[in-house]
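Trainee: sequence and predicted structure are below.
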Amino acid sequence: MSLALAVEPPRRASDAEIVDAVVVGTGAGGGPLLMRLAQAGLSVVALEAGRRWNPARDFATDERAQDALFWKDERLSAGADPLPFGKNNSGIGVGGSTLHWTAYAPRAQPDDFRLFSEFGAGRDWPISYDDLAPYYTEVERRLGVSGPNPYPWGPPRDVGYPLAPLPLNGAAELMARGAAAVGLKTSPAPNAALSGTYYQDGVGYRPACSNRGFCQAGCSTGAKGSVDVAFIPLALAAGAELREGCFATGFERNRDGDISAVIYRDACGDQRQRCRYVFLCAGAVESPRLLLMSDLANSSDQVGRNFMAHPGLQIWGVFDELIKPTRGIPGGLISEDTHRPPDADFAGGYLVQSLGVMPVTYVGQLARSEKLWGQTLVDHMAEFNHVAGINILGDCLPHPDNRLTLSDERDGRGLPKPLIAFSNGDNERRMTAHADRLLTALWTAAGARDLKRVQRNAHTLGTCRMGATGDDAVVDADGRSFDIDNLYICDNSIYPSALSVNPALTQMALSLRTADRFLQTTRRSS
């Protein structure tokens, strides 16, 4: 690993000291923003509920080791399709969920931001693809994204991916075979994992991916472009202060109604940090939870509403070929031919990707979704090395009744637990049915037998959406609260629609744009 990862933060700001900004959370929203603000010369304190990991020391090639990277506080689920939380939904520690993301890094397409304009359903974003395009390019460069040049879908790019695609694993090769048989175009996927040694400005040389496939256990070499590797070292080198084990619980406000301090809890008890601005980057569950606990920024009654989770149907098959599903980048092949299917009876679209899997994860999915138990499950797992998967990731329409509220139950800190009610709507069900037909035909053509379906939703999105006015939105196009001038929200809670791609790359790009817009605004007003 680069020596830059060992950079120590500067001295701790005192409670009496007023810092320019407090950033709550250090994931895909908070990490890039923290870097940008610190590099602009601001005094910035980041509060992270988890710890800062040392990848080489703390991350093992062991599936059980990944459990420490998941958010473990209980979240209560309700609705017709109650969601499991923890795995694959949010992370804890410096880097947030990017610690255990599988590095899938496609861009959203321009029409993703115009869902209502295109279909009369869902919600348009108050920003466009063009607003994010230069930031997509910057994030891809900082992460070291490996991908094909040119990429077959979306608008042409002035700058291609920094590195060539990663090698295809067994699942990707089988998906390519089945897709060709059903007339679906495929491509090596853009992945934020290095296909070769890569020099990152300010960080140093990072090694190529070793193709072990244990990305969800945390990358021990630094080949995966997680926020702790790609952004945090630069933030610390620029003078940002990082406080681990600090859980934000509330705010103090001045006579003008602005936030004057962030209240948080660490190992020594309740603390406060005075500040001029707050950037709330705790994710689509913890950000609205904190605002609701504080009765803050909710004149629109939109905090907690419009929770979204991508439809993510998985289909697994057993093949005669030896697959070894733990080998290689888990999502090696992609198709966006289904971005706007011509025969669709739903709004939006989805992508298709190949899947590798680890055994404990796979067993849990089958037990929950297929209700496999006992000897039947044992017999199926005996063929694990011949298993390969494909899945979708698609649009989810916002609905005000899919929402987060505060429950009457209290957690270990004495705070109300979040209660998330979620139900897939007709649009999500029709999309999943369309995908089921396509993926079944594709996998059958590839030679799969004993198909298993895992009905699921992935990611946590919405709950503090951005919009043009404060009548029906929480923040404006720059992430600034309509109610509180010195509060910004910068995480996937502000998504007006879910987008038909994985959210991490877009969130990092949005984070850099939010920082730049903030810096431009404050410089003009100073």
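Mentor: Nice, I can see it.
Trainee: any idea which element residue 19 lies in?
Mentor: For residue 19, the host element (DSSP states H and E) is strand 18-24.
Trainee: what is the burial count for residue 410?
Mentor: 10 (other Cβ atoms under 10 Å). From N, CA and C alone the C-beta is placed, and that goes for glycine too.
Trainee: after the strand holding residue 19, which helix or strand is next?
Mentor: helix 30-39.
Trainee: export the helix or strand immediately after that next one in the chain as CSV, just CAs?
Mentor: Sequence order places strand 44-47 as the next helix or strand after helix 30-39, per DSSP H and E. Extracted in CSV, the C-alpha atoms of strand 44-47 (Å, rounded to 0.1, in the frame of the first residue of the first chain):
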residue,chain,number,x,y,z
VAL,A,44,-13.0,20.4,8.2
VAL,A,45,-13.8,17.8,10.8
ALA,A,46,-15.2,14.4,9.7
LEU,A,47,-17.3,12.3,12.1
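Trainee: sheet partners, orientation included, of strand 44-47?
Mentor: Counting by DSSP bridges, the strands paired with strand 44-47 are strand 18-24 (parallel), strand 241-243 (parallel).
Trainee: among those strands, show me which one is buried the most.
Mentor: Scoring these by mean neighbour count under mean count of other Cβ atoms under 10 Å gives strand 18-24 as the most buried, with a mean of 23.
Trainee: identify the residues contacting that strand?
Mentor: 13, 30, 33-34, 37, 42-47, 241, 248, 262, 273-282, 287, 290 (Cβ atoms under 8 Å, 6 or more residues apart in numbering).
Trainee: likewise for stretch 78-91?
Mentor: 27, 50, 69-72, 75, 77, 96-100, 283, 285-286, 309, 361, 368, 402, 419-424, 457-460.
Trainee: what does stretch 498-507 give?
Mentor: Contacts to stretch 498-507, defined as Cβ under 8 Å, 6+ apart, come from residues 28-29, 97-98, 101, 104-109, 112-113, 132, 136, 139-140, 192, 308-310, 339, 348-351, 393-398, 459, 461-462, 491-492, 495.
Trainee: so which of these belong to helices?
Mentor: Counted as lying in helices by DSSP state H, out of those, are 132, 136, 139, 140.
Trainee: now that we have the contacts of stretch 78-91, which of them are buried?
Mentor: Buried subset of the contacts of stretch 78-91 (neighbour count, 16 or more other Cβ atoms under 10 Å): 27, 50, 69-71, 75, 96-100, 283, 285-286, 309, 402, 419-422, 424, 457-460.
Trainee: need the strands paired with strand 44-47 in TSV with mean pLDDT and distance to residue 335, can you?
Mentor: Formatted as TSV, these follow (pLDDT from 0 to 100; distance: least, Cβ to Cβ, whole Å):
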stretch	mean pLDDT	distance to residue 335
strand 18-24	97	37
strand 241-243	97	40
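Trainee: could I get those strands as a markdown table with distance to residue 172?
Mentor: Listed next are these as a markdown table, based on distance: least, Cβ to Cβ, whole Å:
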| stretch | distance to residue 172 |
| --- | --- |
| strand 18-24 | 37 |
| strand 241-243 | 37 |
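Trainee: so which of these gets nearest residue 439?
Mentor: Closest approach to residue 439 among those (Cβ to Cβ): strand 18-24, 39.1 Å.
Trainee: how far off centre is the closest one?
Mentor: Relative to its parent chain, strand 18-24 has a centroid offset of 23 Å by Cα atoms, centre = their mean, to the nearest Å.
Trainee: where do the helices of the stretch 401-526 of the chain begin and end?
Mentor: Using DSSP state H, counting those that start in this stretch, the helices of the stretch 401-526 of the chain run over residues 426-445, 504-525.
Trainee: in the longest one, what's buried?
Mentor: Buried residues in helix 504-525, defined by neighbour count with 16+ other Cβ under 10 Å: 504-519.
Trainee: any idea what residue 316 is bridged to?
Mentor: Assessed by DSSP bridges, residue 316 has beta-bridge partners residue 389, residue 452.
Trainee: next, give phi and psi for the nearest residue to residue 198 once chain neighbours are set aside.
Mentor: In this structure, residue 198 finds its nearest non-sequential neighbour in residue 144, 4.2 Å apart by Cβ to Cβ, 6 or more residues apart in numbering. Main-chain torsions, residue 144, degrees, to the nearest 10: phi 80, psi 60.
Trainee: from residue 205, how far out is residue 144?
Mentor: 11 Å (Cβ to Cβ, to the nearest Å).
Trainee: so, low pLDDT: which residues of the stretch 401-526 of the chain?
Mentor: Along the stretch 401-526 of the chain, segments meeting pLDDT under 70 span 524-526.
Trainee: ok, now which ones touch the nearest residue to residue 512 once chain neighbours are set aside?
Mentor: The shortest distance from residue 512 to any non-neighbouring residue, by Cβ to Cβ, 6+ apart, is to residue 135 (4.7 Å). Neighbouring residues of residue 135 by Cβ under 8 Å, 6+ apart: 508, 509, 510, 512, 513.
Trainee: the strand holding residue 19 vs helix 30-39, what angle?
Mentor: 160 degrees (axes from the mean of the first three to the mean of the last three Cα atoms, to 10 degrees).
Trainee: show me what counts as buried in the host helix or strand of residue 380.
Mentor: Counting by DSSP H and E, the element that carries residue 380 is helix 374-381. For helix 374-381, a neighbour-count test (16+ other Cβ under 10 Å) marks residue 380 as buried.
Trainee: what residues does that helix touch?
Mentor: Contacts of helix 374-381 (Cβ under 8 Å, 6+ apart): 318, 359, 362, 363, 366, 367, 372, 450, 452.
Trainee: wait, isn't residue 185 in contact with residue 333?
Mentor: No: here residue 185 does not reach residue 333: they are 10.9 Å apart, not a contact under Cβ atoms under 8 Å.
Trainee: good, we can wrap up now.
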